[in-house]
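**Student:** Here is my input; please provide its structure:
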Amino acid sequence: MEGVKVLARNRRAFYEYSVDDTLECGISLQGTEVKSMRGHKFSFVDSYARIRNDELWLVGLHINEYTHGNIYNHEPDRTRKLLAHKEEIKRLRRKVDEKGFTLVPLRFYLKNGHVKLELGVCKGKKTYDKRDTIKKRDQDRDSAREMSGRG
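**Tutor:** Numbering: from 1, shown residues only. Here you go, the predicted structure:
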């Protein structure tokens, strides 16, 4: 993708969950929050999205205070509103109301100067699914190593 700079990926989400669907949304941020995010000063390990009153909200995103901020600096752990169309939110609500689905942030990135979020509709993996994922990754790595050794 042109004009896209990835700020962070949630690698743990792909290990813990199986991703069913994704959605790109914007985030309602204050000025100092944007500066902190551009400096990679944020953490979203335990964050998730929730639908309340037909609006999307991101819970658990921690954005460090901007170092050069003043008394108008932001609160690091506040709940932030996600920007999406009503039809997309309705579609997400139908999927999330199914048993076991949750909304997990997969990656944060800059697109044309705006901070965007890729939100995934995910279902938790069982322990044996995680073992299968590790086994497949190891097999892929071994086969790639064999192929590069033959060239």
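
**Student:** and the most centrally placed residue in the chain, what element?
**Tutor:** Central residue of the chain (C-alpha atoms, centre = their mean): Pro105, 2.1 Å from the mean position. Pro105 belongs to strand 101-111 when assigned by DSSP states H and E.

**Student:** Show me how far that strand is from its chain's centre.
**Tutor:** 2 Å (C-alpha atoms, centre = their mean, to the nearest Å).

**Student:** was I right about Gly26 contacting Asn112?
**Tutor:** No. In this structure Gly26 lies outside contact range of Asn112 using C-beta atoms under 8 Å: 11.0 Å. From N, CA and C alone the C-beta is placed, and that goes for glycine too.

**Student:** the more surrounded of these two?
**Tutor:** Between Gly26 and Asn112, counting by other C-beta atoms under 10 Å, Gly26 is the more crowded of the two (14 against 8).

**Student:** contact partners of stretch 100-109?
**Tutor:** 4-10, 13-14, 17, 19-20, 22, 37, 42, 44, 47-51, 56, 58, 61, 92, 95-96, 115-124 (C-beta atoms under 8 Å, 6 or more residues apart in numbering).

**Student:** Quantify the burial of the residue nearest to Gly124 when sequence neighbours are not counted by counting its neighbouring residues.
**Tutor:** Sequence neighbours aside, Tyr17 is the residue nearest to Gly124 in space, at 5.8 Å (criterion: C-beta to C-beta, 6 or more residues apart in numbering). For Tyr17, the number of neighbouring residues by other C-beta under 10 Å comes to 21.

**Student:** for Tyr17, what are its contacts?
**Tutor:** Contact partners of Tyr17, counting by C-beta under 8 Å, 6+ apart, are Thr102, Val104, Gly120, Cys122, Lys123, Gly124, Lys125.

**Student:** how much space between the nearest residue to the fourth one once chain neighbours are set aside and Ser143?
**Tutor:** Read it as Cys122. Excluding its sequence neighbours, the residue lying closest to Cys122 (C-beta to C-beta, 6+ apart) is Tyr17, at 3.5 Å. Using C-beta to C-beta, to the nearest Å, we find Tyr17 at a distance of 26 Å from Ser143.
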